[in-house]
Structures are given as structure tokens and as C-alpha cells.
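In: Below are the sequence and a predicted model; questions follow.
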Amino acid sequence: MNDPVEKLPTLSDRLKIRSLEVKGAEGPLAARLYTSGDTGVKRDLLLVYYHAGGFVGGDLEDADIFLRHLADDSPQVAVLASAYTLATEKPFPAAVEDAHAVLVWAKKNKAKLGWTGKQLLVAGIEAGANLAAVCALMSRDRGGPALTGQILIMPMLDPGLTTCSMREMQAAPELLDVADACAKAYRGYLPNAADRTHPYASPLQSSRLKNLPQALILSTEDDPLRDEAELYGAKLISCGVKTTVRRMQPAPLNDVGARNECACRCQALGEIASFIAGLDRPNP
């Protein structure tokens, strides 16, 4: 298996990180705001990020290094990372309701975030990417907040675990634990089997994917989640959604937090910067 690529660059001394509290569906949630560049300048673009952990674990610390580099690479963007209710406390739909509520809170609290309110993106890795994709559906269905884009990094989108890449990995001894972890995560998040086909749990199963924000979807060669990421990208494209799908280099994914490490050291940061630079701009 190939090694991850080059070392990460040194972070600038203009990177700022602030802990704050946002409002979820049923109460306050921990959050962090990452900015780089000129202080005191409001940014037109806010990216709201949801962490990985298979819906049953993970926290803000897991993606901290990735988000530091993301914010430092894109000083025109404010990055808001939010916690959400884990399935160990309350299963679906608690996490997705939190994720969407954070967007509503952000829109109402622009001044606290140093954001003009012009452009709003959602992003996440793994389970967090599921929540980002679902937020795009919820925002469309609920009349807002309007989203400019969605960035889905190695997303969990298929509770049925039916794709070829998932089945192939289940037969690979070195990745069997990864596939098993996905199955265990979904059992915790979706204890009611009927929820596994709900579009807010499984975006890949949705038959209504029109009128969604443009998307960047990243997968990796050796990831069991690869095929569902690429299938979702194909479905978005077929529904007229402007979508970029990229498959990154193979990278070890059998350690806790490996997808965050992969996103840092593969070309994810460059792809995200290019996607942001090419976003359709709103009318003045």
C-alpha cells in the first residue's frame, strides 16, 4: 500500500482559533472557529464542518490539524467546526437535526463569526460528510439556509454497505476492521432498520437530488467508502448538480482518525482550495 504524500507545510502565525458555543436542535453544542489572515475583516464565505467518528464517536479535536491547514490555505474563508449529538446519546435523526440547526444559528449570528452572510458551505469527513450531504437536502427542503456548496470527504452514504468497494474490503484481512467499524457505526446510529432508507440517513438512496448546491466529492483508492462516494457524485451529476468527483491516492485507513490524516496528506486540501476558488458567486 502506498504511503501518504508529502509533509504538511508550516502553519502561519496569523491562524486564529476560538472556542465558542453554538445552538443545536435541543441545546448548546461545542464549536471552534478557525480563521487566518487579516483580523477584524469580515469574510464572505463561512464553511461549517462536521467531524468524523462513525456517528458514535469523534469530537472537535479529531480534525483540528486538518482544519488548521484548511483555514490557513484559504484565508478568505471562516471555518466553523461544530459538535453534534452522538448516537451513543441519541440515535438518528438527532445528529442531522443538530447539523442543520447549526446552520440556522450561524445565519442568525453572523457578527459573532466575522461573516458577511453571503456564502455558506457545508463539509465533513466520513460520518460528518453524511451530515453535510444531508444538510444540503434539509436546507433545500426546509427553505434554507441557502448553501453555496458541499464538500464531502470519504463520505458514509450507504447504510446497506452494498457497494463493490465495501464488499471487496470485507474480504481484505487488513481492512476487515474498517468495514466492521462501518457496520457497527450504522447499527448504533440507525437502530430502527426502517430508517436505513430515509434520505436524511442515506443520501445515496434519495430519489430527489435536484436543486442542490454544487459539490466536491473526494474518495481514496483503498477506502471501503470509495464506491458510495463516487456513485453519489454520479447521481448528483445526472440530476443537474454541478459536481466534481476526485479519487485520491491510496493511503492507510486502518487507524483511528486515519481519514483526517489522509485528508491532510493526500491532495484533499488542494482540491478544496480549487473548489472554493471556482464557486459560483451569488448575484450582488
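Out: Thanks, I have the structure now.
In: What is the least confident helix or strand in the chain?
Out: Among the helical and strand segments of the chain, the one scoring lowest on mean pLDDT, DSSP states H and E is helix 164-170, with a mean of 62.
In: which element follows that helix toward the C-terminus?
Out: Next along the chain after helix 164-170, taking DSSP states H and E as the criterion, comes helix 176-189.
In: For that following helix, buried residues please.
Out: Residues of helix 176-189 classed as buried: 178-179, 181-182, 185-186, 188-189 (neighbour count, 16 or more other Cβ atoms under 10 Å). Just so you know, the C-beta spots here come from the backbone N, C-alpha and C atoms, and that holds for glycine as well.
In: and that helix, how far out from the chain's middle?
Out: Going by Cα atoms, centre = their mean, to the nearest Å, the spacing between the C-alpha centre of helix 176-189 and its chain's C-alpha centre is 18 Å.
In: And for stretch 81-96?
Out: 14 Å.
In: can you check stretch 32-39 too?
Out: 19 Å.
In: For it, list the C-alpha coordinates in CSV.
Out: Taking only C-alpha atoms (Å, rounded to 0.1, in the frame of the first residue of the first chain), the coordinates of stretch 32-39 have been written out as CSV:
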residue,chain,number,x,y,z
ARG,A,32,-14.5,26.1,17.1
LEU,A,33,-13.9,29.0,14.7
TYR,A,34,-10.8,28.9,12.5
THR,A,35,-9.6,32.0,10.6
SER,A,36,-6.3,33.1,9.0
GLY,A,37,-5.1,36.3,7.6
ASP,A,38,-6.2,39.8,8.4
THR,A,39,-8.1,40.1,11.7
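In: Identify the residues contacting it?
Out: Applying Cβ atoms under 8 Å, 6 or more residues apart in numbering, the set of residues contacting stretch 32-39 from outside is 12, 14-20, 43, 60, 64, 67-68, 70-72, 74-76, 78-81, 113-114.
In: Now it: buried residues?
Out: Neighbour-count burial for stretch 32-39 flags 32-37 (criterion: 16+ other Cβ under 10 Å).
In: related to what we said a few turns ago, take the buried residues of helix 176-189 and write them to a markdown table, including pLDDT and distance to residue 230.
Out: What follows is the buried residues of helix 176-189, written out as a markdown table (pLDDT from 0 to 100; distance: Cβ to Cβ, whole Å):
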| residue | pLDDT | distance to residue 230 |
| --- | --- | --- |
| 178 | 70 | 18 |
| 179 | 71 | 17 |
| 181 | 79 | 21 |
| 182 | 79 | 16 |
| 185 | 89 | 20 |
| 186 | 91 | 20 |
| 188 | 94 | 26 |
| 189 | 96 | 22 |
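In: Make a markdown table out of those and add distance to residue 279.
Out: Shown next, in a markdown table, are the buried residues of helix 176-189 (distance: Cβ to Cβ, whole Å):
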| residue | distance to residue 279 |
| --- | --- |
| 178 | 32 |
| 179 | 34 |
| 181 | 33 |
| 182 | 31 |
| 185 | 31 |
| 186 | 32 |
| 188 | 35 |
| 189 | 31 |
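In: Which member of these is positioned nearest residue 118?
Out: Using Cβ to Cβ, the shortest approach to residue 118 within these belongs to residue 189, at 33.5 Å.
In: Cross-check the contact I'm expecting between the closest one and residue 90.
Out: No. Using Cβ atoms under 8 Å, residue 189 is not in contact with residue 90, being 10.1 Å away.
In: That'll do, ta.
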